[in-house]
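1. Would you be able to build a 3D model of this:
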Amino acid sequence: MKVGTDSVLLGAWTSLKHEPNTILDIGAGTGILALMMAQRSNAENIEAIEINADAYEQCVSNFEISSWADRLFCYHADLDELVAEMEIAYDLIIANPPYFTENNTTKNTARDLARRNDALPFSELIKSVAKLLSPTGEFAVIIPHKEFTVFTKLAQNQNLFANRVTHVRGTASSPIKRTLLQLSFTETSTPTEILIVEEVRHTYTNAYTLLTKDFYLKM
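-> Now for the predicted structure:
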């Protein structure tokens, strides 16, 4: 599975001001979000969960050859299993969840499973996060902008409130495509920002460059 802009955005954007010591990456794929959290934080325990066997093996391999192997661990399991066997509460949960809500399919079955929303409905994701998150923990996620209202309502039903919101445009003239959210059990004012990724195709904005430059070999 390829590393996409969504994961890079989320991993770079997520606030670590609360200094999480335990972090969970749900739907790890290649493990990029967990690896970015290891690079950015001093968290002693960074775990990931991945249901797809091939992606799980790739994630484990990436963890093992990284500079932070002693702080990283990946489970080959589904989210229900992790919730049922929960041993610790997490200070930060991060996820780039499946977001296909239409009948979008490709010839790559594994990729379709990873991306199609019915593989992990938002309602199930949010309920699980509410159970796994520590009382002072935070949940960072990237979603399609069109799902923003539904997602935040589902979260509020679990007493999770958006404390930070950034809407993402591809270019200044393009519609908002993604929304970055950071939520917690504390209801506060919600600052909302706009991030534009590119000036023109393959020419990144200063804002995007400053946010993500630590994670690209060439930026």
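
2. Could you list everything Ala162 pairs with in the sheet?
-> Ala162 has these beta-bridge partners by DSSP bridges: Leu183.

3. That one reaches Thr179, doesn't it?
-> No - using Cβ atoms under 8 Å as the test, Ala162 is too far from Thr179 to be in contact (9.3 Å). From N, CA and C alone the C-beta is placed, and that goes for glycine too.

4. Would you enumerate the residues in contact with the residue nearest the centre of the chain?
-> The centre of the chain sits closest to Ala95, judged by Cα atoms, centre = their mean, with a distance of 2.6 Å. For Ala95, the contacting residues are Asp25, Ile26, Gly27, Leu33, Leu125, Val129, Phe139, Ala140, Val141, by Cβ atoms under 8 Å, 6 or more residues apart in numbering.

5. These in helices, which ones?
-> Leu33, Leu125, Val129 (DSSP state H).

6. Format those as CSV; extra columns: distance to Asp54 and pLDDT.
-> Output for the ones in helices among the contacts of Ala95, formatted as CSV (distance: Cβ to Cβ, whole Å; pLDDT from 0 to 100):
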residue, distance to Asp54, pLDDT
Leu33, 18, 97
Leu125, 22, 94
Val129, 25, 97
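
7. Narrow the residues you listed to those that are buried.
-> Neighbour-count burial (16 or more other Cβ atoms under 10 Å) applied to those gives Leu33, Leu125, Val129.

8. gap between the first one and Thr171?
-> When distance is defined by Cβ to Cβ, to the nearest Å, Leu33 is 25 Å away from Thr171.

9. From the contact counts, what lies against the lengthiest strand in the chain?
-> When the chain is parsed with DSSP state E, its longest strand is strand 133-144. Counting by 3 or more Cβ pairs under 8 Å, 6 or more residues apart in numbering; DSSP states H and E, the packing neighbours recorded for strand 133-144 are helix 5-13, strand 90-95, strand 176-184.
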